[in-house]
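**Q** got a predicted structure here, sequence first:
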2 protein chains.
Amino acid sequence: MHELAGKLLDKFKKRDAVIGILGLGYVGLPLAVVFAKKNVRVIGFEKSEKKASAVNDGRNYIGDIVPDELTAVVKNRALTATTDFSRIRECDALIICVPTPLDKFKKPDMAYIESACTDIGRYMKKGTFISLESTTYPTTTENFMRPLIERESKMKLDEDFWLCFSAERVDPGNKNYHTENTPKVVGGLGETAQTLGMAMYGIAIRTLHSVSSPRVSEMVKILENTYRLINISLVNELALLCGKMDINIWEVIDAAKTKPYGFQAFYPGPGIGGHCIPLDPFYLEHIAKNYNFDLTMIHTAGLVNNVMPHRMAVKISFALNRHKKPLNGSKILFLGAAYKPDIDDERESPALMVIDEVAKKLADISYYDPFIAEVTTEHGRNYKSIPALTKEALADADCVVITTNHSVFDPDFIVEHAQLIVDLRNAITKPSPKVFKL
Amino acid sequence: MHELAGKLLDKFKKRDAVIGILGLGYVGLPLAVVFAKKNVRVIGFEKSEKKASAVNDGRNYIGDIVPDELTAVVKNRALTATTDFSRIRECDALIICVPTPLDKFKKPDMAYIESACTDIGRYMKKGTFISLESTTYPTTTENFMRPLIERESKMKLDEDFWLCFSAERVDPGNKNYHTENTPKVVGGLGETAQTLGMAMYGIAIRTLHSVSSPRVSEMVKILENTYRLINISLVNELALLCGKMDINIWEVIDAAKTKPYGFQAFYPGPGIGGHCIPLDPFYLEHIAKNYNFDLTMIHTAGLVNNVMPHRMAVKISFALNRHKKPLNGSKILFLGAAYKPDIDDERESPALMVIDEVAKKLADISYYDPFIAEVTTEHGRNYKSIPALTKEALADADCVVITTNHSVFDPDFIVEHAQLIVDLRNAITKPSPKVFKL
């Protein structure tokens, strides 16, 4: 093993390495806390002054973090945050936890990874280990990161620095699995990188799974989320057919779940939300074009999901039609803006897409979400949550649409006071003539 | 409850009902044995003289049955088989376990269900309970069976007979789950039918799950198998892309499996086989057309799988190409004709479809399967298995193609003696320059 790599491995083993984490969002901050809890010094790099200050003040802003744990590691100075990326030079290892969005044309937007790699290339010292956690298309580590860092740093892979890919597997709101106890897949670029990656993550993560290359590791993450996309798309399509056939799709799914092997339940909804499932498969579509390969399953799943918000608007319109009302001018109250229950995150939320569709038809929109005070839709519409879900608010709406099944929503209370309900989440299980299901 | 229904319910509770099972195949015969083991009298109706005689002689022909159990229930006269369908009049309950194939144009072939219902209508006595287990499109029980039986019998549903749908969930070769301990979904047409269905199946099956209608029950089975079709299609498509990207898809799947939630592993292969997965989703496509509904996910999955045998032939051709050989005249030895490992069933097996594709290009075909002595392909080609997998047989083939991963196949032995191997099942895990993977 190269001398610098040997020294670095030794530091990981003795836990006296300094670990830099780029991006203190829902991936980076929990990871920073886990490393810091193991008494490793962590520097969090963050472009947002506001977030960096919050961390340094011990103020938590991520739902999955135990606030006291953050306060403790900040207080004992294991974790500090900074907006000064030149402090990259203080780090022995760097972990990139930046977002990888898609642009408006569903092309991967590599700007955040590019910026992180540029900063790293500019400031890192010789003998640095770098791991990418951001979901991206296979070959990114080898063919995008490596040349970029080599160019910026004038250093050489396998002599001056080592690279690996190990995707985050954060599932916001999951009560059983968090950063520390979710197994992590590590794919180093070369044997030394693999050894270093396993040693570094071994400090913080209980179970590691080694794979032969970064591209395998990149594909693992895409497979996990593509699996979800495909299955949600299937069940959404079946839900629409079941609606026409007078079959309750939720009853079907609950019965299918009694099969003790070879089945996993997915539930329909107004579309696909969150940071991963709506995005990750399209990274693969992007790189597949390089190989003249058409991913028809992903493509079709995309088609099904693109059309869901529109279909939900049609459903709302047809529900109102029973009351001889048009969308135009009707008061529609949406319950839930978050993309899944009991979290405060509305990014890529299908609720907002349905709102946009219905607003376009000139309905009078309001929403209630106990976790999200204000939203801006993709089309730039801005709404503030009504302050409370009162009888009056329910009764006043021509139609109440349940877009997120937050557990605080009381189905009986909603059914009692609403005039008409479109339930896109099977929140209401008792039969009622007021309720239209997805 | 209707008087006749009440009497029938009483018979089920006292276990002195006579149960007729129509079709003694891989579904009907195990079910007959389970009922007979509970000391209920079972009459098995079978069009094939050969099968009926085998049962009456206590000779088993279904892999999942414990032969001694069959012998015991025949010996104590709990189970008898007959080709005389007029004996339907001796039965209190009838369970239909006949096949529902697709015709050449992937349209449901209802001939077997139709024939069973016609026989039932012709011979049944008043007060009979009838359950359909054959996978079929939702609404079959209500809109196909019911009018057919009423017409043939001149009897009326809910007065003279009761109907339910409860799909078989047989998974041939499954060591953990068999007829008795696999939960069963029961959907009666009306409340009385539901009560009767739960009582009858409760005699034989440990766990029952009640649903509100036959159409829900029919959809459950379709959902279960459509889920499998969609996921196998996804992974087959990803496998082809991974081949181009120098990524081992099996390594990817094994790593993805370490995710402790939200993932279920499916493995690629040369296509989809068996009695259910290649067929069931297309029943749904069929009925969906009635509702002007296009099931794009199923349609796309069908496209992916239709093309797999052709792509496998291309893979074999390109492997031979490395040895400067064409398909035309090359000796190709296929290992495994069964559609899954360690079973003796080649129906809908992708192995046979690949053989047809390669035979069309004038390759010299042979095959070895320890469980299947002779096969006829869809295109009518007939082959006999070579008697044993010898060194000489392996060495003599220009290319050995692993189409089924029977556990008796020894990968080291195959690699040692074959000239060239195309491994469509990841049977060979040690790297070797002789091996081409799917």
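**A** That came in fine, so what should we check first? Numbers count the residues shown, from 1 in each chain, chains lettered A, B, ... in the order given.

**Q** next, count neighbours for residue A:140.
**A** Residue A:140 sits with 23 neighbouring residues when counted by other C-beta atoms under 10 Å in any protein chain shown. (Each C-beta comes from the backbone N, C-alpha and C, glycine too.)

**Q** likewise for the one 4 residues further on?
**A** Neighbour count of residue A:144, defined by other C-beta under 10 Å: 18.

**Q** mind listing what the nearest residue to it once chain neighbours are set aside touches?
**A** By the measure of C-beta to C-beta, 6 or more residues apart in numbering or on different chains, the closest residue to residue A:144 outside its immediate chain neighbours is residue A:110, 6.8 Å from it. The contact partners of residue A:110, by C-beta atoms under 8 Å, 6 or more residues apart in numbering or on different chains, come to A:100, A:136, A:140, A:144.

**Q** pLDDT and distance to residue A:26 added to those residues, as JSON lines?
**A** JSON lines is the format used below for these (pLDDT from 0 to 100; distance: C-beta to C-beta, whole Å):
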{"residue": "A:100", "pLDDT": "90", "distance to residue A:26": "14"}
{"residue": "A:136", "pLDDT": "94", "distance to residue A:26": "17"}
{"residue": "A:140", "pLDDT": "97", "distance to residue A:26": "21"}
{"residue": "A:144", "pLDDT": "97", "distance to residue A:26": "23"}
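
**Q** skip the chain neighbours and tell me the closest residue to residue A:374.
**A** Nearest in space to residue A:374, with sequence neighbours left out and distances taken as C-beta to C-beta, 6+ apart, is residue A:384 at 5.0 Å.

**Q** and the helix or strand containing residue A:315, what's buried?
**A** Using DSSP states H and E, the element containing residue A:315 is helix A:308-322. Within helix A:308-322, the residues that qualify as buried by neighbour count (16 or more other C-beta atoms under 10 Å in any protein chain shown) are A:308, A:309, A:311, A:312, A:313, A:315, A:316, A:317, A:319, A:320.

**Q** just stretch A:70-89 next, same as before
**A** Using 16+ other C-beta under 10 Å as the burial criterion, the residues of stretch A:70-89 that qualify are A:70, A:72, A:73, A:74, A:78, A:79, A:80, A:81, A:82, A:85, A:88.

**Q** nearest to chain B, of these?
**A** Chain B lies nearest to residue A:70 out of those, by C-beta to the nearest C-beta, at 24.5 Å.

**Q** quick check: nearest residue in space to that closest one, chain neighbours excluded?
**A** Nearest non-adjacent residue to residue A:70, counting by C-beta to C-beta, 6+ apart: residue A:60, 4.8 Å away.

**Q** ok, residue A:238 touching residue A:249?
**A** Yes. Counting by C-beta atoms under 8 Å, a contact exists between residue A:238 and residue A:249, whose distance comes to 6.2 Å.

**Q** what is in contact with those two at once?
**A** Residues touching both residue A:238 and residue A:249 (C-beta under 8 Å, 6+ apart) are residue A:268.

**Q** more neighbours: those two, which one.
**A** The residue with the greater number of neighbours, taking residue A:238 and residue A:249 and applying other C-beta under 10 Å, is residue A:238; the counts read 27 against 24.

**Q** which ones are touching residue A:132?
**A** A:96, A:113, A:140, A:141, A:145, A:163, A:164, A:165, A:166, A:214.
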